[in-house]
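Visitor: structure for this input, please:
(chains A and B)
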Amino acid sequence: MLDIFRKKGKGIIDSSKAILSELIPGQKAFIQCISDDCKGIERQRLMDLGFIPGSLVEVEVRSPFRDPTAYRIKGGLIALRKNQASKIQISLVS
Amino acid sequence: MSLLKLRYAPKDCENCPVHDKLNLQKLGVNAGNSDYVIALAGNPNTGKSTIFNALTGLRQHTGNWTGKTVARSEGSYQFHNKKYKVVDLPGTYSLISSSPEEEIARNFVLFGKPDVTIIVVDATRLERNLNLALQMLEISSRAIICLNLIDEAEKKGIRIDKKVLSRDLGVPVVFTVAREQTGIHELLASIEQIALSEEPIKSRDLYDIDPKIAGPIHELNSSIRADFPFLPNSKWLATRLLDNDESIINSFKNGEISHLYANLNDRAEFSENTGVHRILSEAEVLKKRLPEDFHDKLVYRTFSEAEKISSKATLKPGEKKRFNLDLFLDKIFINPLLGYPVMLVLFAFMFWVTIEGANVPSAFLFDLLVGTIHPFLAELGRSMHMPWWLNGLLFDGIYLATAWVVSVMLPPMAIFFPMFTLLEDFGYLPRVAFNMDNLFKKAGAHGKQVMTMMMGFGCNAAGVVATRIIDSPRERLIAIITNNFALCNGRWPTQILVATIFIGALVPAHLAGFVSAMAVVGVALLGVFLTFLISWGLSNTVLKGQPSVFSLELPPYRIPKFWQTLYTSIIDRTIFVLWRAVVFALPAGATIWLISNIEISGAPIAVHLIDFLDPVGWFLGLNGIILVAYIVAIPANEIVIPTILMLIVLMTGVQGYGEGTGVIFETESIISLEAILKNGGWTLLTAVNLMLFSLIHNPCSTTIFTIYKETKSVKWTLVSSFLPIVLGILVTASIAVVWRIMV
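Guide: Model (predicted):
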């Protein structure tokens, strides 16, 4: 899956595709890729937390100000701020 | 391979455990006379510290918040007459993102070569945790997977096949419920088995998904093996070199990598070997053949293997619909309407219990230490014909100040810290961070800062230590510098006392209690406001920078073990903080006594100091006495009020109070206290500014010392000390000016 995506998008966020920060509670999605402008330790940390291509993700709870949001991913509950979640591209599971 | 076997002939091995004594020492661990060294690794929040406690019997605190063990803790135990040293490594998610914690954990397992590495895995989140486990196994095969929280997993309908998991990972798997001591014996036996075994360290091969990355790794690995046949984990090293891992490249350059060898002869051979350059340049060439996203592919490779192994070993992967006590609790604690009120009520309750609950034990301790033991000691000194000055210095100065600090500080802390710890173990505190993050984000800070502030309300030194949970250096520094604005336990008594006498008196008697309580709450809230303001200011000036990565794991809720929590939080928080405070109270007591008793040109030093500082005090709407008290009480805020009283009596010569020059005291009643303070010329302005100054001044010396230990930087220690005092001077001086114009 990683390869297919890489060939097409080269990790540049395609505006026609969904991004994680737009996922709403109740929806599920697969992670597609992390944007190329998310580099270094930030990218690594996201991947360590399980945000890697192919992972199933859903919104579990949003903080009262709607940012950050806690995502259920690989059995853990991980909170990300909106600006980070917007760097992760997803494909919705219908 | 046959050569390798020879090196580890049984005869050699008996005298030479795997662990590298010299290198361990360099890594800060004294293997001492222990026979084996055991490393404890794992993701944050997997119960690693509980395993550590179960093994060593030590009561290391085990919070239900991510990233508790940042520094290493060590302990030891005996099993079948062999001594084992256990080193608890920081909890990490991975070993390759070069954060300091990850480097500590990785270097320890790589260069320290522990005889056994225990990898603690949370059974409820097997796949996620296997990511780290696989990375560890790539470094050393002398490992055990300790599958903890197996009871929670069963409750969630997750059943794991031990045999399959053990077969696929190539190391023993032990099931444990560390909280209940279940499986610990089996773990001990497994550790022994591996410790005694002569198997050399090997590297577990990861299955390669992609030939484009497998090829170069394989090529470099072959070259490394050709030049350095005795290097274990050569494939892992090849991968790290290709991934541009600075610290591994450096360890090749400076020869540190030779420590991976089993014995010294081989190391000598290594330094003579000129292959290092060739290998490094070969790595450079091979890198060009690698795909751009090599690093991502490596991470992906580990994760996909983790997924494969976990799905094979999990019999019923979460079939039961998670009832979701967790989700239910989160709906309450993170509710837009309920979340904040619940939080406020919980914390208000916690502070109320602390203040109310501390009264009786404080009075008891005070009676005992000051009322009974102090006169006894003074009498003892006299009966031993001690010179008056020695008696005074020892008992009226040093002993009394220390007794004071203990009786004022110990009860509230022994109540506050266990309550805080219960909330922490329950898993509530990360939710607070989650709720509050938005505000902290606007101030350029990290949501976890709120947890360190909460801790600061107990004790700022403990709050500063707690900032270790913030993994980005910039945000952590902000949290350290601003922690002092969390009004600590040591300052509450001053606030409450002054508010009761001066603010409560402004309103009718039946409202006095409420109004003075609100005044104290107001000061505490001002502290919170200043925390945000200063955080914002710092992150827009000296600590400018992109907010670093924010990630916060919300752990599952867990019912805390009440008695254990009580015990551990008293042992490692209360006693720790109290001990530091006592160490600093000793010289403060001596100083207070000395400046009131040593006379220079007819008057005690204290009087000269007070006269000298009086104009400054007036300018700040305070007075010289308050400033002198604050200076001598830098070690401990608890003794500010008693020192002020003692100094007023010294200055004004009012009769009937205290027990002699330089003897700090407290009055029996609020009324006589009021009389003393009014006698000292105190007005409402003095009271208001004293309350503000008590919030906004330098941290106590215990905290300053802790800041230095945590930041290892003189510069930031100075900033943390002087920023609040300058701010305090500005605030009190401007209020004094306005007040004098208006009133």
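Visitor: flag every residue of the stretch 301-450 of chain B that's near chain A.
Guide: By the rule C-beta under 8 Å from any C-beta of the partner chain, the part of the stretch 301-450 of chain B lying against chain A is B:303-304, B:327, B:330-331, B:334-336, B:339-340, B:434-435, B:437-439, B:441, B:447. (Glycine included, C-beta is placed from N, CA and C.)
Visitor: which of the residues you listed are buried, as a PyMOL select command?
Guide: In PyMOL, this line selects whichever of those come out buried by 16 or more other C-beta atoms under 10 Å in any protein chain shown:
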select buried, chain B and resi 303+304+330+334+339+434+435+437+438+439+441+447
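Visitor: next secondary structure element downstream of the helix or strand hosting residue B:564?
Guide: Using DSSP states H and E, residue B:564 maps to helix B:562-569. For helix B:562-569, the succeeding helix or strand toward the C-terminus, using DSSP H and E, is helix B:575-597.
Visitor: packing partners of that following helix?
Guide: Judged by 3 or more C-beta pairs under 8 Å, 6 or more residues apart in numbering or on different chains; DSSP states H and E, the packing partners of helix B:575-597 are helix B:400-426, helix B:460-466, strand B:603-604, helix B:605-619, helix B:624-632, helix B:640-652, helix B:701-711.
Visitor: so which elements touch the fifth one?
Guide: What it means is helix B:624-632. Where contact means 3+ C-beta pairs under 8 Å, 6+ apart, helix B:624-632 is packed against helix B:575-597, helix B:605-619, helix B:640-652, helix B:684-695.
Visitor: how does it look with 6 Å?
Guide: In terms of contacts (3 or more C-beta pairs under 6 Å, 6 or more residues apart in numbering or on different chains; DSSP states H and E), helix B:624-632 is packed against helix B:575-597, helix B:605-619, helix B:640-652.
Visitor: please point out which parts of stretch A:20-39 sit buried.
Guide: A:20, A:21, A:23, A:29, A:31, A:32, A:33, A:34, A:35, A:38.
Visitor: which one of those sits closest to residue B:545?
Guide: The nearest member of the buried residues of stretch A:20-39 to residue B:545, counting by C-beta to C-beta, is residue A:38 at 16.5 Å.
Visitor: from residue B:96, how far out is the closest residue to the closest one other than its chain neighbours?
Guide: For residue A:38, ignoring the flanking residues on the chain, the nearest one in space by C-beta to C-beta, 6 or more residues apart in numbering or on different chains is residue A:87 at 4.3 Å. Distance, residue A:87 to residue B:96, using C-beta to C-beta, to the nearest Å: 20 Å.
Visitor: residue B:306 now?
Guide: Applying C-beta to C-beta to residue B:306 and residue B:96 gives a distance of 14 Å.
Visitor: go on, residue B:148?
Guide: Residue B:148 sits 24 Å away from residue B:96, going by C-beta to C-beta.
Visitor: the more surrounded of the two?
Guide: residue B:148 (30 against 21; other C-beta atoms under 10 Å in any protein chain shown).
Visitor: which residues touch the more buried one?
Guide: B:46, B:47, B:120, B:176, B:178 (C-beta atoms under 6 Å, 6 or more residues apart in numbering or on different chains).
Visitor: which one is the closest residue to chain A within the stretch 151-300 of chain B nearest to, not counting chain neighbours?
Guide: The nearest approach of the stretch 151-300 of chain B to chain A comes at residue B:299, 4.6 Å away (C-beta to the nearest C-beta). Distances taken as C-beta to C-beta, 6+ apart place residue A:47 nearest to residue B:299, at 4.6 Å, with adjacent residues excluded.
Visitor: in the stretch 201-350 of chain B, which spans are helices?
Guide: Under the criterion DSSP state H, counting those that start in this stretch, helices of the stretch 201-350 of chain B are mapped to B:211-227, B:234-242, B:246-253, B:264-272, B:275-289, B:294-313, B:325-333, B:339-366.
Visitor: looking at those, which is buried most?
Guide: helix B:234-242 (a mean of 24; mean count of other C-beta atoms under 10 Å in any protein chain shown).
Visitor: ok, it near chain A or not?
Guide: No - contact of helix B:234-242 with chain A (C-beta under 6 Å from any C-beta of the partner chain) is absent, the minimum separation being 13.9 Å.
Visitor: export that helix as PDB, just CAs?
Guide: Only the C-alpha atoms of helix B:234-242 are listed here, as PDB (Å, rounded to 0.1, in the frame of the first residue of the first chain):
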ATOM      1  CA  SER B 234      26.000  -6.600  12.700                       C
ATOM      2  CA  LYS B 235      22.900  -6.500  10.600                       C
ATOM      3  CA  TRP B 236      21.300  -4.000  13.000                       C
ATOM      4  CA  LEU B 237      24.500  -1.900  12.900                       C
ATOM      5  CA  ALA B 238      24.500  -2.000   9.100                       C
ATOM      6  CA  THR B 239      20.900  -0.800   9.100                       C
ATOM      7  CA  ARG B 240      21.700   2.000  11.500                       C
ATOM      8  CA  LEU B 241      24.700   3.200   9.500                       C
ATOM      9  CA  LEU B 242      22.600   3.300   6.300                       C
END
